[in-house]
Structures are given as structure tokens and as C-alpha cells.
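> give me the fold of what follows.
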Amino acid sequence: MTSDAHLNELGEFLKARRSELSPREVGLPETGGRRRVAGLRREEVALLTAISTDYYTRLEQGRIQPSASVLAALARVLHLEGDQRDYLFGLAGKEAGGPRRRTVQKVQPQLQRLLDDLTATPGMVTGRRMDVLAWNPLAAALMTDFSKIPEKQRNYVRVLFTDPEVRALYADWETNARMCVSHLRMQAAQYPDDPRLAALVGELSVQDANFREWWGGHHVASRSLGTKVFHHPVVGELVLDWATLTCSTDSEQELLIWTAEPGTPSYDGLRFLASWAATHIGQAGADAVG
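Prediction:
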């Protein structure tokens, strides 16, 4: 077949495979309404693959050459294995092995030392995909004890959407969650070949209707600083300013800190929380899988 013929066949193959799957089989809620065609809709496949509906539509129309990472995500979403997966990659002229694995990301020593010195300030280091790479005891006391979360699940966005106790901490959870989704959108554009990012988006799209809607909105934003109000179960209301500091030796790593205005109840609350953390939470800090 010619290149165009290969792409046309790729589109027909994708269309046939999605017609064989129901929303329930991929973890999406059943809407109950009658569908015009059998199987998944184009927008549902696009959502779970972390690509735009327009991009996926052009794939089915044979108008675009997909990358290996997109093919890998499509194979996962459409439950393609063995010969079917090989056939998918073959039609696109790609090796079925997929994109090269990225190196494991570990917290930079300079950031770890700085984090260790923050005894009265909550702080944590995030990396690619907003994975939590390290934290101090006060951050664990403020948000959650990250040491109790498996390393591969230790992600700020995942915790924000899936942990009810963390969700309840934020007086304005929706604004914070929307901002995180927008920031994750920017990372998806910066790292289109990151399979773990695609898997995270697919997982949260299945589990949370809000994430699914906001991700589909394609809004983007970068984080820098701001103010958040916490309803903490130990110290009550905390009004905290937050800021991110980018590591000079690894721009993918950021130190996120929360501070309070001296002389305010929130300032006193942080100090009480630090005292509480000293007896309830041990020294924390961990490397996440990159």
C-alpha cells in the first residue's frame, strides 16, 4: 500500500476497533441514551488518549501521521494487544516498541537541602506531571502524609482529585483543581510523548467527571503564586500565600511553599501545626518514579 493508503487503513482500523467497545468497558459512565453508532464516540477515544477530538478525527480520516506515543495511548485505550497492536504501529510505519523510557526523576540535592531547612514552612518538590518528589513534615501535616501513598501514585493532581480528605481541605477546591488541570494541559503540550502523563489523564478522566470536562475545555495556565484558604482538621482555617521556585539545575522541578502573614491567626496556626507535626509525622522525603 502507498503511504496514503496506509493512513486510510489506519483510520478504518481505529474506527472498527472503537465500534467494538462500550463506554463501560473503558471505565466511562453509561449515559443511558441511544447511540447513533455502536461503540465509543470519537470524542471519548480522544479524551482517554489525551489528544484533541479534532486530532483524532483527522486520524480516522487518514489525514495525519500519528507519533509512536499517540499510537501507544490508542492501543491502551482500545485494548489492542499482540497482533492488533503490531498492526496498528505497522500501518503508521512505527516500531511497536513505543517511545524510549525517560530517566527516573529524583529530587535535586539543592532542593532537598533547602526543603530540610524549612522547619516552620510547609514545602514540597514537584516534578514532571506534578509528581511529588519530596516534602517536609509540615507539608505532610498540612495536606497529607505522602509517605503512605505508593511512589507511582504520588502525584499532586491525582491526590487533589481522588482523596476526599485533601479535597475537603480547600475552601475553593474547584478553582485550585481547575488551575492544576490547566497547568497539566501545558505539560501535555510540552511533553507529548510522555506515556505516564497520558495514562494519568486517562485515569482521572475515567474517575472524575469534573476533570473530564475541564480537560476537554483545553484551558492552559502556568503557576507562580497566589493565596489559598484551607479548612484544616487540626488548626482550623489557614489563609496561606503560596509560591513556586524553579530549580536552576533542573527546570522540571519546582519547590512549592506556603507561608502566612506574621501576626495573623494563620501564622500562629502554622506554628501550632509544626509542633503537632513534630510528634505525629516523622521526617518525610522521597523520590518518585520518573
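
> neighbouring contacts of the helix or strand where residue 168 lies?
For residue 168, the host element (DSSP states H and E) is helix 164-169. With contacts defined as CB atoms under 8 Å, 6 or more residues apart in numbering, helix 164-169 is touched by 143-144, 159-161, 173, 230-232. Where you see a C-beta, it was placed from the backbone N, CA and C, and this is true even at glycine.

> repeat that for 10 Å
Contact with helix 164-169 is made by 142-144, 156, 158-161, 163, 173-174, 176-177, 228-233, 238, as judged by CB atoms under 10 Å, 6 or more residues apart in numbering.

> now, of those, which are buried?
Neighbour counting by 16 or more other CB atoms under 10 Å classes 142-144, 156, 158-161, 173, 176-177, 228, 230, 232, 238 among these as buried.

> now do the buried residues in the helix holding residue 168.
166, 169.

> can we start the residue count at 650 from this point?
In the new count, where the first residue is 650, that last one comes out as helix 813-818.

> per-residue pLDDT, the nearest residue to residue 793 once chain neighbours are set aside?
In space, and not counting its chain neighbours, residue 793 is closest to residue 815: 5.5 Å by CB to CB, 6 or more residues apart in numbering. What the model reports as pLDDT for residue 815 is 96.

> same question, the one 5 residues further on
With respect to pLDDT, residue 820 scores 96.

> same deal with residue 707?
pLDDT, read off for residue 707, is 94.

> ok, it - contacts?
So residue 707 contacts 656, 660, 701, 713, 715 (CB under 10 Å, 6+ apart).

> measure it to residue 719 for me?
Counting by CB to CB, to the nearest Å, the gap between residue 707 and residue 719 amounts to 12 Å.

> no more questions from me, cheers.
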